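> predicted structure and sequence below. I'll ask about it afterward.
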Amino acid sequence: MRSFTLENMAASVDRQTIHMDQGVTYNPEYLASGSMRFYPSRIAQVARAVWKGELEATEYGADTVFTPILSGLGERWQNFGEDRNEYLLVSLLFRELFVQKGFKKDAAEALRQTVRQNGGHILPVEGEARTRWEAFLPASDDSAVCLLVDDATLAYASGCAYELGAFLKKKGVSVRKDFGPFFVGFEYFAAGLIDEGIAHLRALVEKLEQDGVHTVITLSGQSQYALTTLCAALGISHSLRVKHVLEYADELAIERAYLLPGSFCCRYLPQVLKKIDALTASEGERRVKNSKEFLPLVENGRRVNLPNMWLAPLCAEYVPFGGDEAVSKGILENGIREIRRDGYSQLVVFDPFAFRAAQEAGLKPVYYLSLIG
């Protein structure tokens, strides 16, 4: 019997329907659409009413629930100090609710077909990119450390394989030859396919444990979140020690850098955000007095902004299925506009999906793995 259900999270559902309109000025979906339809508490009200049988499920309602990119920005926890994971978790269940009522069938099948076409992966992962990782990573037959190279990192950030391999060698860390790439399965949850997601994620951790892995080094916020917070919420227990690669780092070689940690690191993984802050701070840096209240800029240091939970996203940090592309385009445009208003020498990105989006936007980003030391 599954414990992760709307029934078992009823109190969380009720709390998330309470109006918290203070976040409207920085909620990315509202800013992109101008519509309160996509504001977190309004989405929760619609979904809860459908769940309670007080409102009919419609395609419009399904689109409303599936469009947000799950960034965590503009939610009530940011102002009230509540659980930062609650809205994300109930959102996944809201999506399942509409799937169970017969909506978003095309999106679900598109996801499944994508995974089949890519041989069990969410993105194409064969070819030269895999070869680069094989050539540069310090692998050992008897290592119990798995470097979890996720699909997006391999597909979008393989140019950093040499620097990462050199960093691991410097730290005396050898890893298993099987570095993946691994499909963590977050897309299943984001598409409302909760049972398929649980089965996939459970199989992944069981396989790692059966292979004798005791430590997993993650390279993306999504992977770190899935193997820690999400597993715990789903009741998937494991003995794996999960560490973000930045836990091993002593520095990041940045220069007048605008830092873009991404939504998982900014809002769902406070310890990773704290580490990014520590690795990029400079003695003597000071806040720019006329910068935005929640988006402080700094000067006289190695960075030009402070990484915090208010930073705007560029995109969903997963492959989305079933959302509104116009809203996603608006979120990207607003995120780019926020970045471009500040002078910097480097745009340092910590998420592979955001890195790809910044590249395609012509921003010339630098991926953090190439600067790690």
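Perfect, I can see it now.
> any low-confidence regions in this protein?
Applying pLDDT under 70 to the chain flags no residue at all.
> can you rerun that using 80?
For the chain, the stretches flagged by pLDDT under 80 are 1, 19-21, 342.
> for the residue of it most remote from its centre, give me its contacts.
No residue in the chain has its C-alpha farther from the mean C-alpha position than residue 54, which lies at 33.0 Å (Cα atoms, centre = their mean). Applying Cβ atoms under 8 Å, 6 or more residues apart in numbering, we find residue 54 in contact with no residue. For every residue, glycine as well, the C-beta is placed using N, CA and C.
> would you say it is within a strand?
No. Residue 54 is assigned coil when assessed by DSSP: H, G, I helix; E, B strand; the rest coil, not a strand.
> for residue 192, see how far away it is.
20 Å (Cβ to Cβ, to the nearest Å).
> and what of residue 182?
From residue 182 to residue 192 the distance is 22 Å (Cβ to Cβ).
> kindly report the same for residue 351.
Distance from residue 351 to residue 192, by Cβ to Cβ: 23 Å.
> then residue 270?
For residue 270 relative to residue 192 (Cβ to Cβ), the value is 27 Å.
> higher neighbour count, the two?
The neighbour comparison of residue 270 against residue 192 (other Cβ atoms under 10 Å) goes to residue 192, with 28 against 12.
> dump the residue contacts of that one.
66, 92, 94-99, 104, 108.
> sec struct for it, please.
Assignment for residue 192 (three-state DSSP): coil.
> could you measure from the nearest residue to it once chain neighbours are set aside over to residue 250?
Of all residues not flanking residue 192 in the chain, residue 95 sits nearest, at 3.2 Å (Cβ to Cβ, 6 or more residues apart in numbering). Residue 95 sits 41 Å away from residue 250, taking Cβ to Cβ as the criterion.
> could I get the full set of strands for the stretch 151-300 of the chain?
In the stretch 151-300 of the chain, the strands defined using DSSP state E, counting those that start in this stretch lie at 215-218, 241-244, 257-260, 286-287, 298-299.
> any idea which of these is most buried?
strand 257-260 (a mean of 25; mean count of other Cβ atoms under 10 Å).
> show me what contacts residue 75?
Here residue 75 is in contact with 20, 23, 27, 40, 87 (Cβ under 8 Å, 6+ apart).
> where does it sit: helix, strand or coil?
Going by three-state DSSP: residue 75 is coil.
> likewise the one 4 residues further on?
For residue 79, the secondary structure call by three-state DSSP comes out as helix.
> contacting residues for the closest residue to residue 369 other than its chain neighbours?
Setting aside the residues directly before and after it, residue 369 is nearest to residue 160 in space (Cβ to Cβ, 6+ apart), at 3.7 Å. Residues in contact with residue 160 (Cβ under 8 Å, 6+ apart) are 367, 369-370.
> quick check: residue 186 touching residue 221?
No. Shown here, residue 186 and residue 221 do not form a contact pair, counting by Cβ atoms under 8 Å, at 10.5 Å.
> what do those two both touch?
By Cβ under 8 Å, 6+ apart, no residue touches both residue 186 and residue 221.
> so how far is residue 74 from residue 243?
Counting by Cβ to Cβ, the gap between residue 243 and residue 74 amounts to 30 Å.
> for residue 218, what are its contacts?
Per Cβ under 8 Å, 6+ apart, neighbours of residue 218: 148, 150, 224, 227, 242-245.
> follow-up on the earlier one: closest to residue 293 among the contacts of residue 75?
Of all those, residue 23 has the smallest distance to residue 293: 13.8 Å, by Cβ to Cβ.
> noted, bye for now.
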